[in-house]
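Engineer: pasting the sequence and the predicted model now:
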Amino acid sequence: MWGSNARDTHPIFFHHVLKGVRNGAKLHVVDPRRTGSAQWADVWLGLDVGSDISLANAMGREIIASKLANQAFIEHATSGFDAYRECVEKYTLARAERETGVPAEVIRRTAHAYAKAERAQICWTLGITEHHNAVDNVVALINLALLTGHVGRYGSGVNPLRGQNNVQGGGDMGAIPDRLPGFQHVENAELRAKFERAWDAKIDPKRGWHLSDMFNAMERGELTTLYVLGENPVDSEADRHRAVKLLGGLNFLAVQDLFYTRTAEMADVILPGSAGWCETEGSVTSSERRVQRVRAAVPLPDGVLDDMEIIFQLARRFGHEWGRPDAERIWNEVRQLSPMHAGMSYSRLEELGGIQWPCYDETHPGEMYLHSRLWHEPLIGPRAPFHAVEFEPPVDELNEQYPIRLTTGRHLDSYNTGAQSERFSSPLRREATIDLSPEDGERYKVGEGEKVRISSRRGSVIAPVRFDSGLRPGLAFLSVHFHEQVATNNLTIDAVDPKSGTSEFKATAIRIEKCVEN
């Protein structure tokens with residue numbers, strides 16, 4: 001588990017991890033904090049924030065040097081290995097120890113354990129992706145899976161643990177700037193033409209903007225109208241000051257949501273949305289690519305429309321008559337246009353309790369392992385590429401003025417910006433705090449419960465101190481849930497990964513000072 005505190009952030013998934021541990025599986029956790037997940041680990045690699053590529057490359061070098069690479073798989077199913085091997089050659093164990101803070105012997109043992117395992121998985125979450133080089137971090141881990149052949153087979157693979165219900169389904173349906181439903185590239189003229197014929201409309205042939213691009217476009221005055229569905233960017237954007245300023249400068253803002261969020265407070269129009277898990281008909285896609293039916297269990301409240309009905313009515317006002325919204329009819333359109341969903345009729349989804357994509361026709365059972373094709377003789381489809389990536393430190397540099405590294409994340413009892421979870425009580429919930437190591441408490445002469453001012457290069461907030469023995473000196477933690485108490489994103493930096501558009505929430509430089517209260 002790499003950059004993932006699944007014990008707190010994916011607790012249901014973590015129950016399955018614990019079953020594996022109790023059955024003899026070995027758990028290695030790579031995380032700057034000794035989290036609740038790391039406490040269950042056989043080995044905890046407490047690396048410095050943002051040094052993941054150095055660690056992954058050093059593991060790759062050690063696997064190659066020790067002749068533990070799966071050479072047969074590499075030759076059969078991959079490309080770019082020579083460039084990768086040349087890249088990692090300079091990442092010695094000694095260098096990785098300097099750059100990551102993890103002892104060289106621990107890196108070596110972890111590399112050998114992963115390479116020699118009969119079955120092995122790498123699971124990651126935002127600790128890998130909320131960086132300015134997020135995509136490079138991910139492919140550094142994928143390189144290790146390709147190097148050892150731990151992909152496309154039972155019990156082995158690379159597994160990004162999804163952070164929200166149906167986030168996989170959103171991507172599958174084209175909620176990505178350069179993709180149409182079924183991950184079909186919008187800049188591919190042949191694929192685009194298929195959708196244009198079905199929809200009787202022209203589609204912009206250029207990729208669109210991701211969220212960070214949208215805020216940049218607001219700043220340039222190119223984007224003046226925004227329609228927000230089920231998101232709360234006022235509290236979720238990395239630079240909260242900038243987000244509030246740009247959203248406030250729009251000509252028109254519409255928000256469609258279940259809750260009156262801080263973003264909804266700024267809206268010109270609020271459209272009350274429906275709860276997809278209990279008030280609507282449709283489908284949901286899990287992290288394992290399994291498409292399942294969703295059925296309405298309770299009626300909509302008075303004055304609330306199904307999200308589909310809202311979108312259909314908007315289309316009507318724009319001059320397009322789409323008829324009556326019907327979930328199965330919409331799904332059959334998806335099946336017609338997306339080859340990987342073609343065999344998933346409602347009747348088969350009912351009969352089989354869900355089907356994993358790709359499922360190409362109504363005789364296909366669905367692929368249990370997404371990359372099983374890599375083991376076929378002869379190889380089916382393109383080779384899986386290695387990517388040579390280099391270590392880069394976080395953008396927000398530490399110095400005498402800002403000597404502490406702040407990282408952010410979730411608590412077990414709360415969720416994201418708190419729009420949902422703050423509305424109910426929990427016996428596990430505690431107030432927002434700045435978590436410090438006991439050593440830093442002594443260093444800065446602050447006690448637990450004492451309020452301090454936390455400042456970054458962008459702003460400052462006040463929060464009480466809590467000591468966490470799972471933090472090393474020089475590392476602090478703030479949650480993202482309680483912006484009314486502590487506006488964490490007043491501190492964080494919007495250094496953006498150019499490939500994914502993700503901001504570097506995990507690596508902010510801060511200082512703390514005793515807070516003199518009137």
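Structural biologist: Thanks, I have it.
Engineer: pLDDT weak spots in the chain?
Structural biologist: Across the chain, the ranges flagged by pLDDT under 70 are 418, 481, 517-518.
Engineer: did I read that right, Leu18 in a strand?
Structural biologist: No: read with DSSP: H, G, I helix; E, B strand; the rest coil, Leu18 is helix and lies in no strand.
Engineer: ok, how many other residues are close to Leu18?
Structural biologist: Residues within reach of Leu18, counting by other C-beta atoms under 10 Å, total 14. All C-beta atoms are positioned from the backbone trio N, CA, C, and that covers glycine.
Engineer: sorry, slip of the keys, the one I care about is Trp199.
Structural biologist: Trp199 has 12 neighbouring residues, counting by other C-beta under 10 Å.
Engineer: quick check on it: phi, psi?
Structural biologist: The phi/psi pair for Trp199 (degrees, to the nearest 10) reads phi -100, psi -10.
Engineer: can you check the one 4 residues further on too?
Structural biologist: Reported as degrees, to the nearest 10, the phi and psi values for Ile203 are phi -110, psi 130.
Engineer: burial count for it?
Structural biologist: Counted with other C-beta under 10 Å, Ile203 comes out at 13.
Engineer: my read: it touches Val186, true?
Structural biologist: Yes: between Ile203 and Val186 there is a contact under C-beta atoms under 8 Å: 6.6 Å.
Engineer: who touches both of those two?
Structural biologist: When contacts are counted by C-beta atoms under 8 Å, 6 or more residues apart in numbering, the set common to Ile203 and Val186 consists of Leu180, Arg192.
Engineer: ok, now which ones touch His10?
Structural biologist: Counting by C-beta under 8 Å, 6+ apart, His10 makes contact with Ser4, Thr125, Leu161.
Engineer: show me what contacts Arg7?
Structural biologist: By C-beta under 8 Å, 6+ apart, the residues touching Arg7 are Phe14, Thr35, Gly36, Ser37, Gln39, Trp40, Leu412.
Engineer: can you select the buried ones among those residues for me in ChimeraX?
Structural biologist: Selection of buried members from the contacts of Arg7 for ChimeraX, criterion 16 or more other C-beta atoms under 10 Å:
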select :14,35,36,37,40
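Engineer: ok, the residue nearest to Pro299 when sequence neighbours are not counted - how many residues close by?
Structural biologist: Of all residues not flanking Pro299 in the chain, Glu279 sits nearest, at 7.5 Å (C-beta to C-beta, 6 or more residues apart in numbering). Other residues within reach of Glu279, judged by other C-beta under 10 Å, total 19.
Engineer: check whether Glu279 really touches Asp306, as I assumed.
Structural biologist: Yes: applying C-beta under 8 Å as the test, Glu279 and Asp306 come out as touching, 7.2 Å apart.
Engineer: between these two, which contacts overlap?
Structural biologist: Overlap of the contact sets of Glu279 and Asp306 (by C-beta under 8 Å, 6+ apart) consists of Leu300.
Engineer: name the residues of stretch 177-196 that are buried.
Structural biologist: Buried, per 16+ other C-beta under 10 Å, within stretch 177-196: Arg179, Leu180, Pro181, Gly182, Gln184, Val186, Leu191, Arg192, Phe195.
Engineer: list the contacts of Arg335.
Structural biologist: Arg335 sits next to His341, Ala342, Gly343, Met344, Ser345 when contact means C-beta under 8 Å, 6+ apart.
Engineer: okay, those residues in a markdown table with neighbour count and distance to Val21 next?
Structural biologist: Converted to a markdown table, the contacts of Arg335 look like this (neighbours: other C-beta atoms under 10 Å; distance: C-beta to C-beta, whole Å):
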| residue | neighbour count | distance to Val21 |
| --- | --- | --- |
| His341 | 25 | 35 |
| Ala342 | 19 | 39 |
| Gly343 | 19 | 36 |
| Met344 | 28 | 34 |
| Ser345 | 17 | 39 |
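Engineer: list just the nearest of those to Val334.
Structural biologist: Comparing the contacts of Arg335 against Val334 with C-beta to C-beta picks out His341 as the nearest, at 5.4 Å.
Engineer: surely the closest one is in contact with Tyr360?
Structural biologist: No: between His341 and Tyr360 there is no contact under C-beta under 8 Å: 9.1 Å.
Engineer: Thr285 - nearest residue in space that isn't next to it in sequence?
Structural biologist: Going by C-beta to C-beta, 6+ apart, Thr285 has Gly169 as its nearest residue, at 3.5 Å.
Engineer: what's the helix or strand for Val228?
Structural biologist: In this assignment (DSSP states H and E), Val228 forms part of strand 225-229.
Engineer: follow-up on the earlier one: out of the buried residues of stretch 177-196, which are inside helices?
Structural biologist: Leu191, Arg192, Phe195 (DSSP state H).
Engineer: now render those as CSV, adding distance to Glu219.
Structural biologist: Putting these into CSV (distance: C-beta to C-beta, whole Å) gives the following:
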residue, distance to Glu219
Leu191, 32
Arg192, 29
Phe195, 31
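Engineer: just those now: which is nearest Ala264?
Structural biologist: Taking C-beta to C-beta as the measure, Ala264 sits nearest to Phe195 out of those, at 31.9 Å.
Engineer: ok, for the closest one, nearest residue in space, not its chain neighbours?
Structural biologist: Nearest residue to Phe195, sequence neighbours excluded (C-beta to C-beta, 6+ apart): Leu180, at 5.5 Å.
Engineer: one step back: specify the local secondary structure of the residue nearest to Thr285.
Structural biologist: At Gly169 the chain is in helix, as set by three-state DSSP.
Engineer: please report how far it lies from Ser274.
Structural biologist: 16 Å (C-beta to C-beta, to the nearest Å).
Engineer: give me the phi and psi for Ile462.
Structural biologist: On the backbone of Ile462 - angles per degrees, to the nearest 10 - the values are phi -120, psi 140.
Engineer: beta partners for it?
Structural biologist: Here Ile462 sits in beta bridges with Arg453, going by DSSP bridges.
Engineer: residues in contact with Ala238?
Structural biologist: Asn489, Thr492, Ile493, Asp494, Ala495, Ser503, Glu504, Phe505.
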